[in-house]
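**Q** sequence and predicted model, in that order:
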Amino acid sequence: MLKVLEPKEALSPQRSLQSIIKLAVKFPTLVREEDLDDLQDEWKNLLHFKESLKNMSDSAISFWHELRAVKDGNNSQKFKLLPDFMCSLLALPHSSACVERIFSQLNIIKTKRTNKLHVSTVANRLLAKQAIARQGATCCQWEPSASLIRNVVDGHCHKRYLAREAARKQKEVTTMYSDDADLFSEEEEEPLHVFLQ
């Protein structure tokens, strides 16, 4: 079904997918159910605009992006749903290999001896390992930059860490009580979450 992402296939009268709805229902988070008929109409109208689209790029990414700019006789956007749907399909990962690599690295970091590491520590180790690998070095060969050393010595790294932790804790408290209508009791001026900590 994904062959229709290619512009030549999408613009062919003998295209393999006559109804785009068959593809759209497989990705319910990309198109709302109430928009399916409009999406199908745009899919059918694509063939009628074939002549005006022949100067567009042959690259799938460029073609669907450029389709957003196509105007009708009233100078309004002709294709509203179709380009967004197709671009979203192009952005989907077609393999979970990158995620599997991260899980593999996680298993190396979190062993029987280190299974009590805090989640943020494990995440920071993964990020450090990826940063070093991007530079094409190993941990023994890696040389920290002068700006990184200056940031650590001046305490900027620790200050950023503390700020992130404070923001994370504030977000947890806000999320935890976001459904409550009144965070303040009538007798006291302090928020209820202060007393619960």
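**A** Happy to help now that I have it.
**Q** confirm K3 sits in a helix?
**A** Yes - secondary structure of K3, determined by DSSP: H, G, I helix; E, B strand; the rest coil: located in a helix.
**Q** OK, contacts around the residue nearest to it when sequence neighbours are not counted?
**A** If the residues on either side of it in the chain are set aside, K3 comes closest to E9, at 5.0 Å by Cβ to Cβ, 6 or more residues apart in numbering. (Each C-beta comes from the backbone N, C-alpha and C, glycine too.) The neighbours of E9, taking Cβ atoms under 8 Å, 6 or more residues apart in numbering as the test, are K3, R15, S16.
**Q** and the second one, helix, strand or coil?
**A** Reducing the assignment to helix, strand or coil with three-state DSSP, the entry for R15 is coil.
**Q** any low-confidence regions in this structure?
**A** 94, 173-197 (pLDDT under 70).
**Q** just the helices in it please.
**A** If DSSP state H is used as the criterion, the helices of the chain fall at 7-10, 21-24, 36-48, 50-53, 60-67, 82-91, 97-109, 119-134, 146-154, 156-176, 192-196.
**Q** could these be laid out in a markdown table, adding distance to N74?
**A** Converted to a markdown table, these look like this (distance: least, Cβ to Cβ, whole Å):
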| stretch | distance to N74 |
| --- | --- |
| helix 7-10 | 24 |
| helix 21-24 | 26 |
| helix 36-48 | 14 |
| helix 50-53 | 15 |
| helix 60-67 | 17 |
| helix 82-91 | 18 |
| helix 97-109 | 44 |
| helix 119-134 | 49 |
| helix 146-154 | 54 |
| helix 156-176 | 45 |
| helix 192-196 | 53 |
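**Q** many thanks, I have nothing further to ask.
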